[in-house]
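Enquirer: Turn this into a structure:
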Amino acid sequence: MSELPNPLSALGSAAGLPPGRLVTRDARRRLRRTRQEPVLWLSDGPVDAPAAAYPAPPGLRTVLLHDRHGPEEWWDTREFLRPERTSAPDDHHVQPVLREFWEAVVPDPEEGREGEDLIAPFGRAWPGLAEAGRAREADPDAGADGLARQLIRDGSLGRPRLALVPAGRAADIPAAIGWAGPVNHENDTGRISAVLRSWEDRYGVRVLALGFATLDLYVPAPPRTLAEALPLAAEHFAFAPDNVWQGSGTVRDYAQEALIGSTHWSFWWD
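Expert: Below you'll find the predicted structure:
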C-alpha cells in the first residue's frame, strides 16, 4: 500500500510564518535503504506569540518547542525525536493504558500507611476514568491564547520556537515527532498521545508547548469540585507520577492544588 505524502515535503515558504527549516530523520525503507524524511518544520529563532497565532497549512498542527530545561536545542539530537519507534495512537485505548501506568506507580503494600496516604482515597486497584468536564470556558480560543502568552511572558517557556507537525489532531503531536520527553516513564509516545486524545475529548485540552521533558496544556473544562478532581488526579499520577512524587506529595493534595478550576495542566518527567 502506498504511503500518504508528508505535508511537510510540500511546505515551501508559507505566508505568515517566520524563517525556518525542516528537521529530518532517517526513514526506514525496503531493501534496507533509508532516506531523510521531515519530522517537523521549526522556526530559525524564538517567537513571541502563541503557536495558534500562526497559520497551519493543511495536514499540519502548530506547537511551541522550548529548551528551558534540559539539553539546548534538544530537537536536533537524534535520540530525542524518534518517530520510527513510536506506535500509532489509534493502536491504544485509554483505559488499559492508564491502568498499566497506575499499576506501575502505586506503592507496594509493604510501604504501609505512607503508601496508602499517597494514593488516598483510592486503593491499589485502578479507579477508572474521571467523568468529562461539565462547564467549558466561554471562549476557549481566547483562553488558550492568553495562557500561552502568559507562559511566554513570564519565561516559563524560555525562548520558544514555533513548530509545524504533521498530525491529524493536536493530541497526536508528541507521537508524530517521536518525542522522548516521558522516556523514563513510558518510551512509546503513541500511548502518551492516546491519553491526550481522551483528555481532548473529555476536557477540551489543547497542547500548547513541549519541552525536553515537559508538557503544557490549556484546559477549557477543568474540574470544579474535589469530587470531580480526585479521579482525574489519579489519572495524572498514572500519566506523570513526578507531578505528585516531587510536587504536591499526595493524590488528594494534587487534586486540590493543581486541578480544581485550573485551566493550565503542566507535566514533567524526571
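
Enquirer: Any stretches of the stretch 51-200 of the chain with poor pLDDT?
Expert: Along the stretch 51-200 of the chain, no part satisfies pLDDT under 70.

Enquirer: That one: strands as residue ranges?
Expert: Ranges of strands in the stretch 51-200 of the chain, per DSSP state E, counting those that start in this stretch, are 60-65, 161-166.

Enquirer: Please work out which of those strands is packed deepest.
Expert: strand 161-166 (a mean of 25; mean count of other Cβ atoms under 10 Å). Bear in mind the C-beta positions are built from the backbone N, C-alpha and C, glycine included.

Enquirer: Give the other helices and strands that that one contacts.
Expert: Under the contact criterion of 3 or more Cβ pairs under 8 Å, 6 or more residues apart in numbering; DSSP states H and E, strand 161-166 touches strand 34-43, strand 60-65, helix 173-177.

Enquirer: Isn't Gly59 up against Leu11?
Expert: No. Applying Cβ atoms under 8 Å, one finds Gly59 not in contact with Leu11, separated by 9.7 Å.

Enquirer: Okay, buried residues for the helix or strand encompassing Ala227 please.
Expert: Following DSSP states H and E, one finds Ala227 within helix 226-239. Going by neighbour count (16 or more other Cβ atoms under 10 Å), the buried part of helix 226-239 is 228-239.

Enquirer: Check which helices and strands the helix or strand just after that helix sits against.
Expert: Remark: after helix 226-239, the chain's next helix or strand is helix 242-243, criterion DSSP H and E. Applying 3+ Cβ pairs under 8 Å, 6+ apart, we find helix 242-243 packed against strand 264-268.

Enquirer: which other residues reach the strand it packs on?
Expert: The contact list for strand 264-268 (Cβ atoms under 8 Å, 6 or more residues apart in numbering) reads 69, 147, 205, 211, 213-219, 236, 239-240, 242-243, 258-259.

Enquirer: do stretch 90-98 as well
Expert: With Cβ under 8 Å, 6+ apart, stretch 90-98 has contacts from 126, 128-129, 190-191, 194-195, 197-198, 235, 238-239.

Enquirer: Make a ChimeraX selection of whichever of these turn out to be buried.
Expert: To isolate the buried members of those in ChimeraX, using 16+ other Cβ under 10 Å:
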select :126,129,190,191,194,195,197,198,235,238,239
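
Enquirer: how about the contacts of stretch 90-98, which pair is most distant?
Expert: Gly128 and Gly190 (22.0 Å; Cβ to Cβ).

Enquirer: and Asp216, helix, strand or coil?
Expert: Following DSSP: H, G, I helix; E, B strand; the rest coil, the label given to Asp216 is strand.

Enquirer: That one contacts Leu208, correct?
Expert: Yes. Using Cβ under 8 Å, Asp216 is in contact with Leu208, at 4.7 Å.

Enquirer: what sits in contact with each of those two?
Expert: Common neighbours of Asp216 and Leu208 (Cβ under 8 Å, 6+ apart) are Leu151.

Enquirer: Between those two, point out the one with more neighbours.
Expert: Set side by side, Asp216 and Leu208 show more neighbours around Leu208, with 26 against 23, by other Cβ atoms under 10 Å.

Enquirer: any residues touching stretch 166-177, and which ones?
Expert: With Cβ under 8 Å, 6+ apart as the test, stretch 166-177 has contacts from 6-8, 39-40, 59-61, 63, 81, 83, 86-89, 163, 165, 179, 181, 189-190, 192-193, 196-197, 199-200, 205-207, 210, 215.

Enquirer: hmm, which of those residues are the buried ones?
Expert: For the contacts of stretch 166-177, a neighbour count by 16+ other Cβ under 10 Å gives the buried set as 6-8, 39-40, 59-61, 63, 81, 83, 86, 89, 163, 165, 179, 181, 189-190, 192-193, 196-197, 199-200, 205-207, 210, 215.
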